[in-house]
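A.B. asks: here is my input; please provide its structure:
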Amino acid sequence: MARTKTSKSKSIYDHDFRINKLNGQPLDLTQLKGRFVLLVNVASKCGFTPQYKALQELYDTYSDKLEIIGVPCNQFGNQEPGSTDEISNFCQLNYGVSFTMTEKMDVKGKNQHPLFYWLTNAEMNGKKSSTVKWNFQKYLIDPEGRLIDYFYSMTSPLSKKITKHLNQ
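C.D. replies: As a prediction, this is how the structure comes out:
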């Protein structure tokens with residue numbers, strides 16, 4: 001899906017981002033209003049892949065107010081080459097992932113998904129611009145759908161940089 005500019009809005013919920021879950025069913029982001037959302041581009045064959053464990057722990061701890069969305073991406077070192085079924089099986093068998101996973105998408109470049117265009121463009125999100133540098137970069141959205149901040153791969157999902165927002 002090519003990157004497209006959408007109307008400027010500070011809320012992710014003011015856009016009709018077309019996203020499918022790993023099982024092929026549509027993911028309606030508006031159903032997440034009132035909850036924090038942590039979007040993470042993920043990969044099965046990356047040095048950061050063990051962060052799936054911490055992501056699941058974060059989800060288990062804060063599932064009453066947080067939705068985690070794992071976004072498989074094969075743009076960094078071809079570290080997510082698997083099919084939808086392979087990704088699903090890997091996440092379930094190795095890490096017991098129960099949070100939402102989407103189908104593979106591009107998080108940068110000319111075919112960047114519009115959701116990641118919004119996440120990485122201050123003109124769109126009203127907060128700050130960024131570049132997705134590697135797998136397991138994280139974007140935290142507040143319950144009203146506004147970008148709080150982004151965190152590079154080195155930041156653990158259980159870091160106080162992230163949990164301080166969830167504990168307010």
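A.B. asks: now do the SS call for residue 144.
C.D. replies: coil (DSSP: H, G, I helix; E, B strand; the rest coil).
A.B. asks: and the pLDDT at it?
C.D. replies: Residue 144 is assigned 96 on the pLDDT scale.
A.B. asks: can you give me the neighbour number for it?
C.D. replies: For residue 144, the neighbour count with other C-beta atoms under 10 Å is 11. Any C-beta I mention is one placed from the backbone N, CA and C, and that applies to glycine too.
A.B. asks: quick one: contacts for it?
C.D. replies: Shown in contact with residue 144 (C-beta atoms under 8 Å, 6 or more residues apart in numbering): 11, 13, 33.
A.B. asks: contacting residues around the first one?
C.D. replies: Yep, that's residue 11 we're talking about. Residue 11 neighbours (C-beta under 8 Å, 6+ apart): 144, 145, 146.
A.B. asks: any chance of the contacts of residue 144 in TSV, plus distance to residue 127 and pLDDT?
C.D. replies: Formatted as TSV, those follow (distance: C-beta to C-beta, whole Å; pLDDT from 0 to 100):
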residue	distance to residue 127	pLDDT
11	11	93
13	15	93
33	18	96
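A.B. asks: could the contacts of residue 11 go into TSV alongside distance to residue 19?
C.D. replies: Output for the contacts of residue 11, formatted as TSV (distance: C-beta to C-beta, whole Å):
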residue	distance to residue 19
144	19
145	14
146	19
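A.B. asks: circling back: sort out for me which of the contacts of residue 144 are in helices.
C.D. replies: Nothing among these maps onto helices, per DSSP state H.
A.B. asks: pick out whichever of the residues you listed sits closest to residue 60.
C.D. replies: Residue 60 has its nearest neighbour among these in residue 33, at 22.0 Å by C-beta to C-beta.
A.B. asks: wait, isn't that closest one in contact with residue 13?
C.D. replies: Yes. With contacts counted by C-beta atoms under 8 Å, residue 33 reaches residue 13, the gap being 5.8 Å.
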